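Enquirer: just a sequence and a predicted model for now, questions to come.
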Amino acid sequence: MGQTEKQSGNSLNRLAFKAGIFYVAAQLFVRGITFLMTPVFTRLLTKAQYNQYKLFESWLLIFVPLMSLCLWRSVERAKYDVKEKFNEYVSSVHTLSWISITVFFVLALIFREPLKRFCAVTNLHLTDFMLIVAFLYTYAHTSIFYFQRREKQMMRYKASTAFTAATVVPATLLSVLLVVIGRNTGRSDMLVELRIGGYYIPMILGGFFVAALMTVQGKKLASLSYWKYALRFSLPLIPEVLSIQIMNQADKLMVNSMTGEENGSIVALATTVSYIIWILEDSVWNAWLPWMYEKIARGESKDIRQNWSTLMHVFGLISLGIVLFAPEIILILGSRKYYDAIYLAAPMLTGTLFRFYSFSYTAIQNFHKKTGFVAASTVSVMFLNVILNYIFIRQFGYRAAAYTTAFSYLVLMIMQAAMEKRITGKQLIPLGQTLRISCVWFLLCMLVMPLFGLSPFVRYAIALGVVPVVLKFYLPQVMGVLKMLKGRKK
């Protein structure tokens, strides 16, 4: 490699490091605010009301990818094909997503009552206000997806993070204020709608603002060539994204339907605990992916394997730490009435871990534009998950849902790795290595659960004992990753 190429690589590493660290820190701050409000809402709302809000949130996570046609998923890859016309591409394809959402919106208004009855199957009592907010938020959140992915792929995180902070923080505080006012003024029957309105209306206003901003910057509302590119890339991903969201929400929805709202609220809170590590994983992955794509595009894939292995161990260790303190976390987030959620923490956290590990395989397939392969394996595993949930929830109760989902994510990881090898003839991250790491952290997390019946000081002592191991074995590896990203010589 020549001196110029080395300097270019180091420049990329420094840019990725600076942007990535800023992105991760800011995302943890902004999204952590929402997470930290969980103890407030579990105490202000009844279990049934808290469950209603989480169900509404679950349906939104399905609405957004379906109605936007997942076209925002093409943004990251399009950068390497449209080059200097990137803003123009984003603006044009964003228009097509809004057209699609409008079609769904009109259909929903026409068939409003059947839609409400369908949602009622999962015990979600959808009102007209909630329906309108859901669709306006679908427009807004789609725009936010486009904006964040555009900024991320350009390794610009300040504007995206500032926007997120300017919407999430006021939305969270407003939702708390409205719920408190509702309780104090005898409007207890409206607390769910007040929670929804307080949080989602500021998000809707913010989403419409960035929609206008991207249109002005892109200066193009429509382009058939861009639309064809986005549709070819993204349409196969609709089943994939929906399947992932269904897997994420199936536990709550099926437990609600099959065993009642009380158990559903416990699963919802346990899911919130797993969200602790998901915030970290999602933030790091979004900072990692642009650097990874640049490395692949430059033919420098060898830099990826060792550093990804380090990340897998780091997140395994974080998962173990959360499981160790799950009883305390559950008490803080939801009080004693949600305490049974401690028995869901280990499988849910490791399931999230398996999903994170699979990202390295799906990213390669998306880079090569083989999105149909990603969708095929994900849809298959989604059906497996739903079937296993149905069988084992009936047989063993609601706790079984956490284990079936963890197993399903493990199967998904294996299938995605096989698909990558079929496409490229090799695996950037060897599956054997990933499986070994997965099994180690799964077993360690499961071994913690019998300790919940003992004195908490046993768990505290184990946590203290892990610290020297971390400092000796993992700290040097993490420092190595940081040095690499800074472009220094080791």
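Expert: Yep, that arrived.

Enquirer: contacts and neighbour counts: CA atoms only from here.
Expert: OK.

Enquirer: and whichever strand or helix holds Lys116, how far out from the chain middle?
Expert: Using DSSP states H and E, Lys116 sits in helix 112-120. What separates the centre of helix 112-120 from the centre of its chain is 27 Å, taken as C-alpha atoms, centre = their mean, to the nearest Å.

Enquirer: what lies in contact with stretch 430-445?
Expert: Outside stretch 430-445, the residues that touch it by C-alpha atoms under 8 Å, 6 or more residues apart in numbering are 312-313, 316-317, 319-320, 323-324, 346-347, 350, 353-354, 357, 414, 417.

Enquirer: change it to 7 Å
Expert: For stretch 430-445, contacts defined as C-alpha atoms under 7 Å, 6 or more residues apart in numbering pick out 316, 320, 323, 346, 350, 354, 417.

Enquirer: for it, buried residues please.
Expert: 431, 434, 437-438, 441-442, 444-445 (16 or more other C-alpha atoms under 10 Å).

Enquirer: before we move on, the earlier item: can I get the helix holding Lys116 as PDB, trimmed to CA atoms?
Expert: The C-alpha coordinates for helix 112-120 follow below in PDB (Å, rounded to 0.1, in the frame of the first residue of the first chain):
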ATOM      1  CA  ARG A 112     -61.300   2.100  10.100                       C
ATOM      2  CA  GLU A 113     -63.700  -0.100  12.000                       C
ATOM      3  CA  PRO A 114     -62.200  -3.400  10.700                       C
ATOM      4  CA  LEU A 115     -58.700  -2.100  11.600                       C
ATOM      5  CA  LYS A 116     -59.800  -1.400  15.100                       C
ATOM      6  CA  ARG A 117     -61.300  -4.900  15.500                       C
ATOM      7  CA  PHE A 118     -58.000  -6.400  14.200                       C
ATOM      8  CA  CYS A 119     -56.000  -4.400  16.700                       C
ATOM      9  CA  ALA A 120     -58.400  -5.500  19.400                       C
END
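
Enquirer: which strands and helices sit next to the helix or strand just after it?
Expert: Downstream of helix 112-120, the next assigned helix or strand under DSSP H and E is helix 128-153. With contacts taken as 3 or more C-alpha pairs under 7 Å, 6 or more residues apart in numbering; DSSP states H and E, helix 128-153 sits against helix 47-67, helix 75-82, helix 86-110, helix 191-218.

Enquirer: turn those into CSV, including mean neighbour count and distance to Leu410.
Expert: Converted to CSV, the helices and strands packed on helix 128-153 look like this (neighbours: other C-alpha atoms under 10 Å; distance: least, C-alpha to C-alpha, whole Å):
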stretch, mean neighbour count, distance to Leu410
helix 47-67, 21, 22
helix 75-82, 18, 26
helix 86-110, 20, 32
helix 191-218, 20, 34
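
Enquirer: redo those helices as CSV? Include mean pLDDT and distance to Gly453.
Expert: Shown next, in CSV, are these (pLDDT from 0 to 100; distance: least, C-alpha to C-alpha, whole Å):
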stretch, mean pLDDT, distance to Gly453
helix 47-67, 86, 25
helix 75-82, 83, 47
helix 86-110, 95, 49
helix 191-218, 94, 35
